[in-house]
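Visitor: Sharing a model prediction with you, sequence too.
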Amino acid sequence: MNGTLKFVQGNEACVEGALYAGLKFFAGYPITPSTEIAESLAYRLPQIGGKFIQMEDEIGSMCAIIGASLTGSKVMTATSGPGFSLMQEALGYAIMAEIPCVIANVQRGGPSTGLATRGAQGDVMQSRWGTHGDHAIVVMTASNNQDVFNITIEAFNVAETYRTPVILLFDEVMGHTRERLIVPEKDEIPLVERLRTSVKGGVDYHPYLPREDGRLPMSDFGGVHRYNVTGLYHDMWGFPSENPAVVDGLIHHLTDKIRNNVHTITQYKEYFIEDARTILISYGSTARSALHHVLNRRKRGEYIGLLELQTLWPFHGDLIREKCKNAELVVVTEMNLGQLYRQVKIAVDHPERVFLANRVDGVFITPTDIKNMLRLIQGRGV
Amino acid sequence: MERCRLVFSGSGGQGVITAAVILAEAAVLHEGLIATQSQSYGPEARGGATRSDVIISESDIYFPKVTQPNVLVCLTQEAYNKFYTITRPGGILIVDNHYVTTSRKVDAMQRELPIYERVMTEIGKPIVLNICMLGAVIGITRLVKPESIMKTLQSRINPDFFEINQKALDIGMDMVKDYAMP
Amino acid sequence: MAIKDYIRERFFPHIWCPGCGHGMVLNALLRAFEDLAISKNEIVMVSGIGCSARISGYVDVHTLHTIHGRALAFATGVKMSRPELNLIVPMGDGDALAIGGNHFIHAARRNIDITAIVMNNRIYGMTGGQYSPLSGYGTLATTAPFINIDHAFDVVELAKAAGATFVARTTTYHVKQMSELFKEAILREGFSVIEVLTQCPTYFGRKNKAGSAVDMVKSFKDNTTPVGSKAKLESPGLIERGIFVQKDLPEYTREYDKVIERAMKKR
């Protein structure tokens, strides 16, 4: 691949991806272990005429990016645990008002202030259900710098395509580990730009009337169309409505636009799945330890493989079932008490074959940990 | 060298993490190698125990942490006491003899080096202690060329400090010239 | 443009109670727009949640009806991204100063060019009459059924201390002054705060035996006095209205342009 070779932290790889995707506005609040994203963008954004603002808190940050997105900018915020909790209300607003935006949550140990400088993956369910009410959400992750870079670009593309917030669920280990990154030349990775309405000024524009393909062309705030945006249930003009048909139509639109496109949205990587009797399912930094273990055991002739999920939500249950159909053992490796494990168990044909190999003590799970837990699961003793 | 795992330890403010970053960055940007660098730290910006892990390899690195380092560097007594036992058998343990008194021998090449002492007498500025330490590390291991370290430093530091960093690196290498690995 | 051209006629009648002061604020605001002859496309009105927040729906400009207390944070994002737009943020007293208090003082501190209107009716109307941070000691509300022991903020003092560069107060009795103050605030570059004392006969009025809407409006006439008037010396209980702060300080988005200029030199 042609491009610029860099040696950076995962947080900086995320920044590079965001800038490559066309980020123009960032609002944030300092919090470990995501702060480097804000620091780096405070430097980089004004250099390209973009805007950075440090808000008074994470609530304000999330609100500010929504406001900026409405004017036509690609926007992002970044945070960790407690800050992500504070963003949930405005995240719901972005879902309801269909505002494209990207939120990076570099996970740390929780609940509460928890473990500020330690990696964890305990926000998998919060990223799915953190804001109130039925809704759909897109949550993506990655396990190495190049993938962090690529998935960040993909997050912006998905946000624009579906007019939705997209959450990047990284973690402390990924955020702070430095490794190489090649930033490709411009135009090497396709970007999705904002779909703007072709309706002329003075003509009735319906900001919330989906086209036949389900997409909703936008009109920049400050442009020629004056319309209303609200977090209330609303009609095709964006005006509050309690009409049952409107309410029912909107909630289904909001959820279907994501759910019906799970095949297109889902990204994953697989290693030796074809003949694997044992399949590890992992994501984010934990997938690195899992892959390390898989490669070690393959060298010894063991039939073991890895399914690395990069899209966690919408959860592609059919994919999991298909990939695991011949496996004698499915082991979900994650750094929480089984948040994705439960999803996998529901998805597969043989839930009794699904086990959890985890670690929740703030220490990054090692390949040896996985090896030992597999031996226990297989009844072979450590 | 197929893969070398290093742990740099000391206290916040000694430049332990910076040294680790510079080494790994030099390997990636100037030697075409694969490397990872990670760190663990407490809440304090100065003081406290700091540890940074570096892996330098010719092939892809997945698990980025180091459990048994080929090279362990300890710049404080606290770090030494905490970490010396993890040294990989047959590996290298480097301590600064001003800060650390070693208690017992490990199954490794153990070097008590006068890093602090020589930096203070020959340069007089403790700020380059970490670069001198790095000189000793690359002097022994030959992981990367000193020029690669200097190129990396060039993009990070004020040109006014280039010379004392070069000197610190040279002192570090000189300190271990008799111990260099083949 | 006529005043009628600034409203979204099909959304009337409005949802406010008979006698509510919010319509009078809307009226004064529309007159200000008309007098200034600002293009509707250049106005973005951002509101939060509550009776006051519904004002945005009735005006034919770019309107962003957001979440409780956060209107100024949303507006900050819009303004940063498109500094040439006029940002008007009407808020209720609970919206602006309870849940939104932090955003309020920080927007003021930055001196970002936003016109913040605090429609102060001293009560939470939409939820049915609970006390707000502006209700004041000794008042009654559904959540202060015996007596309210919370002291009120003085919006003017708070805005001054937080760094707003234009701070004014008026009432729904003084509709001409209200319009003039809105005009001045919109024309000024920087963070402007206009507190409008407005009546909620349905909840504050009933709970506190303040009489009809007309009585309440009349009380604004009787209990207020122009800033610096002699009457205030004689009757210290009078509430001052008029302009309290009017100063020129660098505006935030212009300051950020300087950041961009510096950053570009370092490329």
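Guide: Yep, it's here.

Visitor: switch to C-alpha atoms for all contacts and neighbour counts from now on
Guide: Fine.

Visitor: Now do the helices in the chain.
Guide: With no chain named, the answer covers chain A. Counting by DSSP state H, one finds helices in chain A at the ranges A:10-21, A:35-47, A:58-70, A:81-97, A:124-129, A:145-162, A:172-176, A:244-259, A:262-265, A:286-299, A:317-323, A:339-347, A:367-377.

Visitor: not what I meant, chain C
Guide: Using DSSP H, helices in chain C cover C:22-36, C:71-81, C:93-94, C:101-110, C:155-162, C:175-187, C:206-207, C:213-222, C:230-234, C:252-265.

Visitor: Chain B is nearest to which of those?
Guide: helix C:252-265 (17.7 Å; Cα to the nearest Cα).

Visitor: quick one: that closest one to helix A:35-47, angle?
Guide: Here helix C:252-265 runs at an angle of 90 degrees relative to helix A:35-47 (axes from the mean of the first three to the mean of the last three Cα atoms, to 10 degrees).

Visitor: Now do helix C:252-265: everything it contacts.
Guide: A:43-44, A:46-51, C:79-80, C:83, C:110-113, C:190 (Cα atoms under 8 Å, 6 or more residues apart in numbering or on different chains).

Visitor: So what's the residue count around the residue in chain A that chain C sits nearest to?
Guide: Across chain A, no residue is closer to chain C than A:A64, which sits at 3.9 Å (Cα to the nearest Cα). One way to gauge burial is a neighbour count; for A:A64, by other Cα atoms under 10 Å in any protein chain shown, it gives 33.

Visitor: Can you tell me the closest non-neighbouring residue to it?
Guide: Nearest residue to A:A64, sequence neighbours excluded (Cα to Cα, 6 or more residues apart in numbering or on different chains): C:G77, at 3.9 Å.

Visitor: and the one you found, what does it touch?
Guide: With Cα under 8 Å, 6+ apart as the criterion, the residues that contact C:G77 are A:C63, A:A64, A:I65, A:I66, A:G67, A:A68.

Visitor: Flag every residue of chain B that's near chain A.
Guide: Taking Cα under 8 Å from any Cα of the partner chain as the measure of proximity, chain B contacts chain A at B:21, B:25, B:28-29, B:34-43, B:62-64.

Visitor: for the stretch 101-250 of chain A, which spans come out with low pLDDT?
Guide: Residues of the stretch 101-250 of chain A meeting the criterion pLDDT under 70: none.

Visitor: try chain B
Guide: The model of chain B has pLDDT under 70 over residues B:1, B:42-47, B:182.

Visitor: helices and strands around the lengthiest helix in chain B, which ones?
Guide: Of all segments of type helix in chain B, defined using DSSP H, the longest is helix B:16-31. Contact here means 3 or more Cα pairs under 8 Å, 6 or more residues apart in numbering or on different chains; DSSP states H and E; on that basis helix B:16-31 packs against strand A:3-9, strand B:3-12, strand B:34-40, strand B:47-57, helix B:129-141, helix B:146-154.

Visitor: Could you report the neighbour count for the residue of chain B found nearest chain C?
Guide: For chain B, the residue positioned closest to chain C under Cα to the nearest Cα is B:S155, at a distance of 14.1 Å. The burial count assigned to B:S155 is 9, neighbours taken as other Cα under 10 Å.

Visitor: where does it fall, phi/psi-wise?
Guide: phi -80, psi -10 (degrees, to the nearest 10).

Visitor: Residues of the stretch 1-150 of chain A that sit close to chain B?
Guide: By Cα under 8 Å from any Cα, the part of the stretch 1-150 of chain A that sits against chain B consists of A:L5, A:K6, A:F7, A:T117, A:R118.

Visitor: so what's the first one closest to, chain neighbours aside?
Guide: Leaving out its chain neighbours, the residue that sits closest to A:L5 by Cα to Cα, 6+ apart is A:I182, at 4.6 Å.

Visitor: Any idea how many residues pack against the one you found?
Guide: Around A:I182 sit 17 other residues, with neighbours defined as other Cα under 10 Å.

Visitor: got a list of what it touches?
Guide: When contacts are taken as Cα under 8 Å, 6+ apart, A:I182 is in contact with A:M1, A:N2, A:G3, A:T4, A:L5, A:K6, A:Q146.

Visitor: hmm, 10 Å instead?
Guide: Residues in contact with A:I182, defined by Cα atoms under 10 Å, 6 or more residues apart in numbering or on different chains, are A:M1, A:N2, A:G3, A:T4, A:L5, A:K6, A:F7, A:A13, A:E16, A:N145, A:Q146, A:F149.

Visitor: One more: C:G48?
Guide: With Cα under 10 Å, 6+ apart as the criterion, the residues that contact C:G48 are A:230, C:54-56, C:64-72, C:74, C:89-92, C:95-96, C:100.

Visitor: distance of the spatially closest residue to C:A168 that is not a sequence neighbour from C:Q177?
Guide: Leaving aside its sequence neighbours, C:A168 sits nearest to C:I243 (Cα to Cα, 6+ apart; 4.3 Å). Using Cα to Cα, to the nearest Å, one gets 10 Å for the distance from C:I243 to C:Q177.

Visitor: anything in contact with each of these two?
Guide: Taking Cα under 10 Å, 6+ apart as the contact criterion, the residues that touch both C:I243 and C:Q177 are C:R169, C:T170.

Visitor: so what's residue 151 up against?
Guide: Reading this off chain A. Applying Cα under 10 Å, 6+ apart to A:I151 gives the contacts A:C14, A:G17, A:A18, A:M140, A:T141, A:A142, A:N145, A:N157, A:L168, A:Q267, A:Q310, A:T311.

Visitor: wrong one, chain B
Guide: If you count contacts by Cα under 10 Å, 6+ apart, B:K151 has them with B:I22, B:A26, B:L29, B:H30.

Visitor: What of A:M174?
Guide: The neighbourhood of A:M174, defined by Cα under 10 Å, 6+ apart, consists of A:9-11, A:13, A:33, A:106-107, A:119, A:141-145, A:148, A:284-286, A:288, B:38, B:64.

Visitor: hang on, the earlier thing: quick check on the residues of the stretch 1-150 of chain A next to chain B: which are buried?
Guide: For the residues of the stretch 1-150 of chain A next to chain B, a burial check counting by 16 or more other Cα atoms under 10 Å in any protein chain shown picks out A:K6, A:F7, A:T117, A:R118.
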